[in-house]
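Colleague: pasted the sequence and its predicted model underneath.
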Amino acid sequence: ILLQLITVKGLSSSVPLVKATKALGVAFGMTLINLFYLEPTSTKVMFDRYELEEKEGGKDSDEYRKLAASFGKFHGMSSLTNLVALCGAVAHAFFLASALV
């Protein structure tokens, strides 16, 4: 990421530097949120759910349903943050490539 920021500074002034930096910042921020909060939480809930699956009648319990719903929520948010990070990286690349034209 530092290399990308240095690359942006070295390009001509026709590059919308502010937009490129914001896009890169969004991608980096979403990646950090996913890396340090959503993914570990989702993984913990997933393993807790797996433990209940192994028990007799575990899949029929209320606790299993709560864990399954919680896992779906965190997994969905994790996927969304990955999608937003990808869009930010593509936008950053677009702004960098616009300087070449």
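Modeller: Perfect, I can see it now. Note that the structure is a prediction, hence the values are computed from the model and not measured. Residues are numbered from 1 along each chain as shown.

Colleague: for the chain, longest helix please?
Modeller: helix 62-98 (DSSP state H).

Colleague: quick one: average pLDDT of that helix?
Modeller: The average pLDDT within helix 62-98 is 94.

Colleague: same check, this time on stretch 17-29
Modeller: For stretch 17-29, the mean per-residue pLDDT is 88.

Colleague: buried ones in it?
Modeller: Going by neighbour count (16 or more other Cβ atoms under 10 Å), the buried part of stretch 17-29 is 20, 21, 23, 24, 26, 27, 28. C-beta coordinates here come from the backbone N, C-alpha and C atoms, glycine included.

Colleague: inside helices: which ones of those residues?
Modeller: Per DSSP H, the buried residues of stretch 17-29 map to helices at 20, 21, 23, 24, 26, 27, 28.

Colleague: can you list the residues you listed in TSV and add distance to residue 96?
Modeller: As requested, those are exported to TSV (distance: Cβ to Cβ, whole Å):
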residue	distance to residue 96
20	6
21	11
23	10
24	9
26	15
27	13
28	15
